[in-house]
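In: here you go, sequence then predicted model.
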Amino acid sequence: MLVTLPSTELISRNFSDLLGRSFAAKATPAPFVPKAGEKWAVARYGLPGEATWVYWLVDLPAAAGMGAALSLIPAGTAQSAAKDGKFSEALLENFREVMNVGASLLRPSEGRVVLQDVLMPPQPAAAELAKWLAATKARRDVTTTLQGYEGGRMLLLNVPEA
């Protein structure tokens, strides 16, 4: 199933409203090529109880910043979590909630998309990521800025064959 991926304007507006501060998403001129060893948080979406159709990858600095901003966790705590690759339960739960709201930005051709789960390093394995990138039918590569927190990169993949 093809899912319409949100525009950068829609991402910016919705996450700014949710986080209560300026969030800007900008399209990149060239697609990201995730490198071996890079750590990404991955939100997986699909129809309720069905296969995953959309993977929303967020690098750890952006994921930590978004999770921290939701409940005003200090920026230094978010930076440490991103650097160590270890999120506290509160930071992880906040990031999950942000990604849950992200489901409302995805438009499937039928039904509604729901957040299935969030993978944190060491998942996904590099082989899984390579498989998703190879099977992608639509993608959106985005850089982000978040007032008071670190920005980063997002990669949205519509992978109907996953």
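Out: Ah, there it is. Numbering: from 1, shown residues only.
In: which is the next helix or strand following the lowest-mean-pLDDT helix or strand in the chain?
Out: The helix or strand of the chain with the poorest confidence is helix 126-135; it has a mean of 84 (mean pLDDT, DSSP states H and E). On the C-terminal side of helix 126-135, the nearest following helix or strand under DSSP states H and E is strand 138-146.
In: for that next one, packing partners?
Out: In terms of contacts (3 or more CB pairs under 8 Å, 6 or more residues apart in numbering; DSSP states H and E), strand 138-146 is packed against helix 8-19, strand 23-27, helix 60-70, strand 149-158. In this view, the C-beta of every residue, glycine as well, is placed from N, C-alpha and C.
In: where does pLDDT dip in the chain?
Out: 161-162 (pLDDT under 70).
In: residue 11: what's it in contact with?
Out: Residues in contact with residue 11 (CB atoms under 8 Å, 6 or more residues apart in numbering) are 23, 25, 105, 142, 154.
In: dump those into a markdown table; add neighbour count as well.
Out: Shown next, in a markdown table, are those (neighbours: other CB atoms under 10 Å):
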| residue | neighbour count |
| --- | --- |
| 23 | 25 |
| 25 | 24 |
| 105 | 19 |
| 142 | 22 |
| 154 | 26 |
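In: distance-wise, check the residue in the chain sticking out farthest from the centre relative to residue 138.
Out: Of all residues in the chain, residue 110 has its C-alpha farthest from the mean position, at 22.2 Å, by CA atoms, centre = their mean. Applying CB to CB, to the nearest Å, the value for residue 110 to residue 138 is 16 Å.
In: in the helix or strand residue 102 falls within, what counts as buried?
Out: In the assignment (DSSP H and E), residue 102 maps to helix 89-102. Buried residues in helix 89-102, counted by 16 or more other CB atoms under 10 Å: 91-92, 94-99, 101-102.
In: pipe these into TSV and attach distance to residue 9 per row.
Out: Output for the buried residues of helix 89-102, formatted as TSV (distance: CB to CB, whole Å):
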residue	distance to residue 9
91	27
92	28
94	24
95	22
96	24
97	22
98	18
99	19
101	16
102	15
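In: distance-wise, check the closest residue to the residue farthest from the centre of the chain other than its chain neighbours relative to residue 43.
Out: Take residue 110 and drop its neighbours on the chain: the residue closest to it by CB to CB, 6 or more residues apart in numbering is residue 1, 7.1 Å away. Applying CB to CB, the value for residue 1 to residue 43 is 17 Å.
In: looking at those two, which has the bigger crowd around it?
Out: residue 43 (25 against 16; other CB atoms under 10 Å).
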